[in-house]
Structures are given as structure tokens and as C-alpha cells.
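Chemist: Predicted model and sequence follow; I will ask about them next.
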Amino acid sequence: MVLNTLKFDSVFIRPKWKLKNFGLHSSPGILYNQPSVLVGRTGVASVTSWLAPIIWEGTFDATLIDFIYKQQNLTIATTVFALGKYTRFLKDFLESAEQHYFVGFRVHYYLFTDLPEEVPEVKMGENHSLTVRKVPSLNRWQDISMGRMEILEKLIGNELANEADYIFCLDVDTKFYGRWGVETLGRLVGVIHPWFFDALRNQFTYERRPESQAYIPAGEGDYYFTGAAFGGSLEDVHHLTKTCREQMNIDAANSIEAIWHEESHLNKYFLYNKPSKVLSPEYLWRDINAGAAQIKIIRFTHVSKNNAEVRPNP
Ligand SMILES: CC(=O)N[C@H]1[C@@H](OP(=O)(O)OP(=O)(O)OC[C@H]2O[C@@H](n3ccc(=O)[nH]c3=O)[C@H](O)[C@@H]2O)O[C@H](CO)[C@H](O)[C@@H]1O
Ligand SMILES: [Mn+2]
């Protein structure tokens, strides 16, 4: 009897988050370059082996997709954490986002910090807004980085249901230099780590100890994803953050911490819950001064920082 009730609840529970689906409508008179089934972006793969698009410059038409998504009246929640000395990155992060990030679309930033008084005044563009949330300070940068999963899980679960359609979760020690727009929207979106886009799977820094919940055996793996940017629908990102939080709790109870913290758990999650869209390293590059033949545009990049100076612990 009890079992039946449980089963009923878990099978028939109604989703709390509704992803709008209006289809991909265009209109007479919208002019854009003719797409081709023969000619596309060369030199890179633009689709995964499970048929998810990989987004590079040259794979989409910004005019067309902006028009299509404009009609959907979407809100993109965007989270960023700045604790301790990382508040120094906020000005560049926010100012550059206002130049390049979902310009013309509704964006709600949720900024988590232990130092609200250090949040700079940045003028928000039309339909962009910022909410600052105070969170407790932590002594280890690893705990700050990993703790994001639980805070995101709660934010989505408790607050975003009627507030947003999609969410992106971004590192703050970063800066935008080019467009990040509706081409990035999807159910579950991962971003390729800029140091591993051309590496073999056995060179990926996955967690290799079977004792950790983030363990990935040799011979498995698709890509190596960054922990500094991920997103998708509220439902999918809630499940992702909840799963990573649970797996990290099990690790903590077993006195083990995955080699790259929540990034290791994120990679395990993406291996068995394939992203529906993959963003190329244009969407999180190493440094504005670094280059690679495949990177035609740097949209979003880490900024160089002195880890020993900005982090609360080594
Ligand atoms: C090059 C490199 O080594 N990259 C790894 C390192 O990224 P990062 O060196 O990019 O980690 P990070 O120091 O940027 O920390 C991640 C984020 O946590 C927040 N934060 C962190 C510390 C702090 O005192 N205050 C604060 O607000 C902030 O939003 C920051 O952007 O660690 C990550 C988490 O394990 C991943 O494993 C990355 O692959
Ligand atoms: Mn970072």
C-alpha cells in the first residue's frame, strides 16, 4: 500500500516548471542568408554523436534566431557568486554582460555574496535586473565553489517557477567580449572546458577514484565540460544541481572530495544525462590574449587572477 502510494506520486507528480513551447516560428518578410545543407562551419564538429548541436560561430544566424525567440517572451535567470575578494570581478563581469549577454531579452541576475556592500552600481539595460542575496562566508574556496550547487537547487526549487524559463550559472572571474544569446538556449546545456577541447578522453581530468561518486572509468567519456558555465531549463538544471549536491554529500560523508570538486560531479552527470546542446569554447575561453585556430570569436572568457591572492585558502 505504502509502496503503491510512493510509486503513484513519483510517476504522476506534475512538473512544477513549465518550459514554454511555442515552436520555432518565422514570418513573411524576415530576410536572412540562405542556409545550406552542403556548406556549413568547417574545421570543427557542430553536432554530437547523440545529435545535440555544438554551437560555434558560423552555425547559426543571429538575426533569424533572435526573431524566433523574441516571440517567446522568455526570462533568463543568471546566477553568479562573488564571495570574499571575488567581489572585485563583479564590475567587469556585469558591465561586459550588459554589452553582450542576451541583449534585448529579459535577464534576471541573482548575485550571491557575503559582502553586499561591495557590489558595484552597474546600469542595467532594458529588461535586465539584478537581485543581490547575502550568503554566509566560507573558509575554503572549494566549499564556495561546490556550495553553489545547493544554493542553485534551492533557488530554482523555491523561487523561480513563475519567474524564469531558463537559467545559466556562471563564474564571476570572467568577462564577455562577444555575443552570448538565444543560440545557447536548450533543455540541458554544457560548455566545453577550454583546456580540453582537443584532448583525448583518457587525458580528461575526470575523477578516477572509484570511491568518489564522481568516478568515471577509463574508456568512458564524451567531452570535458567546465564547471564555470552551465544551464538549461529550470527542470533540467534543478535535477542537475540536486544530483550533484547529493553526490557531493555522499562523498563528504565518505571523507573524499572529487579532484575538481563540483566540476567532476558535473562531468559525471553530463556523461549519463547527455546535454541537449553543447557550447563550444567560444563560450568560455582561457584568456582574452590566448588563441586557437578553431576559435573565430571569444565571447566569454576567464580573466587572469592570482589564485593565492584572491582565494581564502591555498
Ligand atoms: C583552471 C582551473 O584550475 N580551473 C578549475 C577551478 O576553476 P577556477 O579557478 O575558475 O575556480 P574559481 O576560483 O573561479 O572558483 C569558482 C567560483 O566560485 C566563486 N568563488 C570562489 C572562491 C572565492 O573565494 N569566492 C568566490 O566567490 C566565484 O564565483 C568563482 O568564479 O576550480 C573549479 C572548481 O573546482 C574547476 O575545477 C576548474 O576547472
Ligand atoms: Mn573561475
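Modeler: Okay, I see it. Ligands and ions are numbered 1, 2, ... in the order given.
Chemist: tally of neighbours for Ser96?
Modeler: Other residues lying near Ser96 total 19 when counted by other C-beta atoms under 10 Å. All C-beta spots, glycine's among them, are computed from the backbone N, C-alpha and C.
Chemist: Asp198 too?
Modeler: Asp198 has 11 neighbours, counted by other C-beta under 10 Å.
Chemist: And the pLDDT at it?
Modeler: pLDDT for Asp198: 97.
Chemist: What segments of the stretch 51-200 of the chain are helices?
Modeler: Ranges of helices in the stretch 51-200 of the chain, per DSSP state H, counting those that start in this stretch, are 62-70, 90-100, 141-159.
Chemist: Out of these, flag the one nearest Pro15.
Modeler: Among the helices of the stretch 51-200 of the chain, the nearest to Pro15 by C-beta to C-beta is helix 141-159 (12.3 Å).
Chemist: what sits against the residue most central in space within the chain?
Modeler: Nearest to the mean C-alpha position of the chain, counting by C-alpha atoms, centre = their mean, stands Phe230 at 1.4 Å. Each residue near Phe230 by C-beta atoms under 8 Å, 6 or more residues apart in numbering is listed here: 168-169, 189-191, 237, 240, 266.
Chemist: Of these, which is the nearest to Ile156?
Modeler: Using C-beta to C-beta, Val237 comes nearest to Ile156 of those, at 6.2 Å.
Chemist: So the closest one sits against Leu266, correct?
Modeler: No - the criterion here is C-beta atoms under 8 Å, and Val237 misses it with Leu266 at 11.1 Å.
Chemist: which of those two has more neighbours?
Modeler: Neighbours were counted for Val237 and for Leu266 using other C-beta under 10 Å; Val237 has more, 27 against 24.
Chemist: now the closest residue to that one other than its chain neighbours: how far from ligand 1?
Modeler: Leaving out its chain neighbours, the residue that sits closest to Val237 by C-beta to C-beta, 6 or more residues apart in numbering is Ile167, at 5.1 Å. Remark: distance between Ile167 and ligand 1 (C-beta to the nearest ligand atom, to the nearest Å) = 15 Å.
Chemist: circling back to that earlier point, who does the helix or strand in which the residue nearest to the centre of the chain is found pair up with?
Modeler: Assigned by DSSP states H and E, Phe230 belongs to strand 225-233. Here strand 225-233 is paired, per DSSP bridges, with strand 166-170 (antiparallel), strand 188-192 (antiparallel).
Chemist: As CSV, those with mean neighbour count and mean pLDDT would be great.
Modeler: Output for these, formatted as CSV (neighbours: other C-beta atoms under 10 Å; pLDDT from 0 to 100):
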stretch, mean neighbour count, mean pLDDT
strand 166-170, 25, 98
strand 188-192, 25, 98
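Chemist: Can I get these in TSV including distance to Asp198?
Modeler: Output for those, formatted as TSV (distance: least, C-beta to C-beta, whole Å):
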stretch	distance to Asp198
strand 166-170	24
strand 188-192	10
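Chemist: Nearest to Pro314, out of those strands?
Modeler: strand 166-170 (24.7 Å).
Chemist: And that closest one, how far out from the chain middle?
Modeler: Distance of strand 166-170 from its chain centroid, counting by C-alpha atoms, centre = their mean, to the nearest Å, is 5 Å.
Chemist: and it with helix 90-100, angle?
Modeler: Counting by axes from the mean of the first three to the mean of the last three C-alpha atoms, to 10 degrees, strand 166-170 lies at 140 degrees to helix 90-100.
Chemist: Please identify which residue in the stretch 201-314 of the chain comes closest to ligand 2.
Modeler: Ala228 (5.0 Å; C-beta to the ion).
Chemist: Chain neighbours aside, what residue packs nearest to that residue?
Modeler: Using C-beta to C-beta, 6+ apart, the nearest residue to Ala228 is Asp171, at 3.7 Å.
Chemist: Return the residues of the protein in contact with ligand 1.
Modeler: 81-84, 86, 141, 144-145, 171-173, 227-228, 260-261, 263, 311-312 (C-beta under 6 Å from any ligand atom).
Chemist: follow-up on the earlier one: which helix or strand lies directly C-terminal to the strand holding Phe230?
Modeler: Taking DSSP H and E, what comes next after strand 225-233 is helix 234-253.
Chemist: Taking strand 188-192 as reference, get the angle to that following helix.
Modeler: 60 degrees.
Chemist: So which elements touch helix 234-253?
Modeler: Where contact means 3 or more C-beta pairs under 8 Å, 6 or more residues apart in numbering; DSSP states H and E, helix 234-253 is packed against helix 141-159, strand 166-170, strand 188-192, strand 225-233, helix 262-272.
Chemist: For the third one, give me every contacting residue.
Modeler: Taking contacts as C-beta under 8 Å, 6+ apart, the residues outside strand 188-192 that touch it are 54, 168, 223-226, 228-233, 236-237, 240, 266, 270, 273-281, 283-284.
Chemist: sorry, back to before: so the residue nearest to Val237 sits against Glu235, correct?
Modeler: No - using C-beta under 8 Å, Ile167 makes no contact with Glu235, being 10.3 Å away.
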